[in-house]
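>>> Got a predicted structure plus its sequence, pasted below:
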Amino acid sequence: PRCTGRELVERLLTQIEPMAPTFHLSQQVTTVAARADGRYDIGTSTGTRFTARTVFIAGGVGAFSPRQLKLVGIEQFTGRQLFYSGDEPPPAAGHHVIVLGDDDDALDAALALSMAESAQSASVTLMHRRDAFKATPERVERMRAACAAGRMRFVAAQAIGFDAAGDTLTHLQVVGTDASISSWPCDL
């Protein structure tokens, strides 16, 4: 059956629990070298070393960490107004929120914000560089229905800059698919 990446991870963790695995998180494999005995020497970005009989390569966009917004100076807002997949953002009541992405997590976040009755955002915008998505068709359909109902909007554009007032992010500057440049409010 279909499930999100997060649901898959939860199911896999439940499945391997009896084997009491050891996890080495927040590091990436940086070297793999074949040994004469058929095993592999593995090195990580933190200096950890392993010897393994089998190596599985599962490459993905962002190497399993969220792709970060590449705008000079934007990092100052990380954890306060700028959040990445897996981060828990603060309540969005009354704020203008922009969700960037095209996968299940991005659409789920935008949909959840657009449906929040008790903590309604001032606006919710889903932004992706094109009008095509990696999310499941059901989620895309729900997103389009939320847009049609006026609960959120979708814009095909890419971030090219931002505006701030002191240490507060106020707007995201974007270029649309038609090369037009516009400014979108975002204060969360």
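The structure has been received and is ready for your questions.
>>> Quick check: next helix or strand after the helix or strand bottoming out on mean pLDDT in the chain?
Sorted by mean pLDDT, DSSP states H and E, the helices and strands of the chain end with strand 29-34, the least confident at a mean of 87. The helix or strand immediately downstream of strand 29-34 is strand 40-44, counting by DSSP states H and E.
>>> What mean pLDDT does that next one get?
Mean pLDDT, strand 40-44: 91.
>>> Using neighbour counts, pick out the buried residues of that strand.
By 16 or more other CB atoms under 10 Å, the buried positions in strand 40-44 come out as 40, 42. The C-beta positions use only the backbone N, C-alpha and C, and glycine is treated the same way.
>>> Listing partners with orientation, what would you give for it?
Using DSSP bridges, the strands paired with strand 40-44 are strand 29-34 (antiparallel), strand 49-52 (antiparallel).
>>> Would you mind writing the CA trace of it as CSV?
Taking Å, rounded to 0.1, in the frame of the first residue of the first chain, the C-alpha atoms of strand 40-44 are listed here in CSV:
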residue,chain,number,x,y,z
TYR,A,40,34.0,-3.1,2.3
ASP,A,41,35.6,-0.4,4.4
ILE,A,42,33.2,2.4,5.0
GLY,A,43,34.0,5.9,6.2
THR,A,44,31.6,8.7,7.3
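>>> which outside residues touch that strand?
Contact with strand 40-44 is made by 24, 27-35, 49-53, 55, as judged by CB atoms under 8 Å, 6 or more residues apart in numbering.
>>> thinking again about what came up before, which of the strands paired with strand 40-44 sits closest to residue 98?
strand 29-34 (33.1 Å; CB to CB).
>>> roughly how far is that closest one from the heart of the chain?
27 Å (CA atoms, centre = their mean, to the nearest Å).
>>> what's the answer for stretch 128-142, then?
Per CA atoms, centre = their mean, the centroid offset for stretch 128-142 relative to its chain is 14 Å.
>>> Now do that stretch: everything it contacts.
Applying CB under 8 Å, 6+ apart, the contact partners of stretch 128-142 are 2, 100-104, 106-108, 111, 143, 154, 156-158, 177.
>>> ok, of these, which come out buried?
Of the contacts of stretch 128-142, these count as buried by 16+ other CB under 10 Å: 100, 101, 102, 103, 104, 106, 107, 108, 111, 143, 154, 157.
>>> Kindly reformat the strands paired with strand 40-44 as a markdown table and extend each row with mean neighbour count and distance to residue 127.
Below are the strands paired with strand 40-44 laid out as a markdown table (neighbours: other CB atoms under 10 Å; distance: least, CB to CB, whole Å):
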| stretch | mean neighbour count | distance to residue 127 |
| --- | --- | --- |
| strand 29-34 | 12 | 32 |
| strand 49-52 | 11 | 40 |
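>>> Perfect, I'm done here.
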